[in-house]
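In: My questions concern the predicted model and sequence given below.
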Amino acid sequence: MNHDRSTPLRLALFTDTYTPQVNGVARTLARLVDAVQERDGAVRVFTVSDDDEAVAPDAIATNATVDRYPGRRFWAYPQLRLAWPARREVRRQLEEFQPTIVHAATEFGIGLAGRAVARDLDVPFVSSYHTSFTAYAEHYGLGMLAEPGWHYLRWFHNGGLRTYCPTQAIIREIEAHGFTDCREWSRGVDAQRFNPAHRSAALRSQLNADDSTLVVSYIGRLGLEKGLDVVLACMQQLHATCPKRVRFLIVGDGPYEETVRASAPAGTLITGRLDGHALSEAFASSDVLLFPSTTDTFGNVLLESMASGTPVIGADVGPTREQLAPDRGWLVRPGDAQAFTDTVLQLLADPSARMTTRAQALAFAGSKRWDAIWDGLIDDYRTLQRPFRL
């Protein structure tokens, strides 16, 4: 294959999740679109509609064309919608756009169509691995699908020139399952949006928290696979042990929200989903963030919390360990609510330890610049692309 760095980049991006959906993958892909266009490339996005009706091509803030296909809710996870576009129509749209590279960010209906048509048209094809679907299957009682899932995912991703992964831990995991040509595509953080300067006295007052109080937070999707049972058990234990010294903040929405609202300790502030400045204030006004997830392949909230001056207690699994170790946070046994509780109690007893870790976390987050990450990914695109030919 003759690759060409000088050809103008024309990226066709296929994904089953995209803005205005709110999740880490959708936000990252919207940033990718911005980054390509800022570097004089062109992007066309193929994604699912937000309702049951077809949606005409639209434009996001960066004026990339977005083709949306009607989708249906996935029965095992209603917040996820899947679409199965006609490949003849996808082919027509790709021939019209003339991409120099096709990137599938999800492995199901939309991504599958992108993979098939790219290979049929002989356009360079790459993919990215964002979500541990086999781990999700275990959490949702579908463990029998894990092994067939690996077979399918290996087939899907090995059909391309690259599989981009957010951490080295995920690269090691999927290579052990036979994936090939894996590259790291890490994540960055907006240090202006997520910054200690957004700490809000008004929000802490709403929590009835003063300088001697520890605000313990969970910020993220409210789904069982995120370890919310651990969060709730930890908060209940802390409430029973030292109710006057800790306050609790939960930010997010999702399928587990009703259980969260019913099971959180009395006085917990549960905000639902927050965006913009309100989200920045939530991170910066917290004193420690709980991150018990064992299914995330990166966890964008880790960097957002660290950049906000709020250190993290996380489950000791590969992707989280990569962000928090050494000395940038605290790692505890996965699924162990008592271990999370004990770590919070240690921080209450030794505030200096929290300040030291906070400084380390801020420095690390400050090194994770989006510009450098996008430059690396887009340069790799350019080594793989070639002019479109019918």
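Out: Looks like it came in fine.
In: Secondary structure element holding Ile171?
Out: helix 168-175 (DSSP states H and E).
In: Next SSE downstream of that helix?
Out: strand 182-184.
In: buried sites along that next one?
Out: Neighbour counts over strand 182-184 (16 or more other C-beta atoms under 10 Å) mark Cys182 as buried. (C-beta placed from N, C-alpha, C; glycine too.)
In: for that strand, the distance to its chain's centre please.
Out: 17 Å (C-alpha atoms, centre = their mean, to the nearest Å).
In: what comes into contact with that strand?
Out: Arg162, Thr163, Tyr164, Cys165, Pro166, Thr167, Gln168, Ile171, Ile174, Glu175, Asp380 (C-beta atoms under 8 Å, 6 or more residues apart in numbering).
In: and the residue lying closest to the second one once chain neighbours are set aside, what is it in contact with?
Out: When you say that, I think you mean Thr163. For Thr163, ignoring the flanking residues on the chain, the nearest one in space by C-beta to C-beta, 6 or more residues apart in numbering is His157 at 4.3 Å. Residues near His157 by C-beta under 8 Å, 6+ apart: Glu107, Ser127, Tyr129, Thr163, Ile174, Phe179.
In: who wins for neighbours among those?
Out: Counting neighbours by other C-beta atoms under 10 Å, the top entry in the contacts of His157 is Ser127, with 27 neighbours.
In: before we move on, the earlier item: closest to Ala353 out of the contacts of strand 182-184?
Out: Thr167 (25.9 Å; C-beta to C-beta).
In: ok, the closest one - how many residues close by?
Out: 22.
In: Can you give me the distance of it to Asn23?
Out: Going from Thr167 to Asn23 by C-beta to C-beta, to the nearest Å gives 18 Å.
In: Kindly report the same for Gly329.
Out: Counting by C-beta to C-beta - Gly329 and Asn23 are separated by 22 Å.
In: which of the two has more neighbours?
Out: Neighbours per residue, other C-beta under 10 Å: of Gly329 and Asn23, the larger number sits with Gly329, 27 against 19.
In: what sits against that one?
Out: Leu302, Met306, Pro311, Val312, Ile313, Gly314, Gln323, Thr357, Ala361.
In: who does the nearest residue to it once chain neighbours are set aside bridge with?
Out: Spatial nearest neighbour of Gly329, chain neighbours left out: Val312 (4.2 Å); criterion: C-beta to C-beta, 6+ apart. Beta bridges link Val312 to Leu289, judged by DSSP bridges.
In: these two touch, right, Val312 and Phe364?
Out: No - Val312 lies out of contact with Phe364 (C-beta atoms under 8 Å); the separation is 11.0 Å.
In: Return every residue with contacts to both of those two.
Out: By C-beta under 8 Å, 6+ apart, the residues touching both Val312 and Phe364 are Met306, Gln323.
In: Who has more neighbours out of those two?
Out: It is Val312, of Val312 and Phe364, that has more neighbours when counted by other C-beta under 10 Å, with 25 against 19.
In: what's the domain layout of the chain?
Out: Here the domain parsing of the chain from automatic domain parsing is 10-188+370-384, 196-366.
In: where's the residue most central in space within the chain relative to Val90, distance?
Out: What sits nearest the mean C-alpha location of the chain, by C-alpha atoms, centre = their mean, is Gly24, with 2.9 Å. When distance is defined by C-beta to C-beta, Gly24 is 26 Å away from Val90.
In: Sweet, I'm off.
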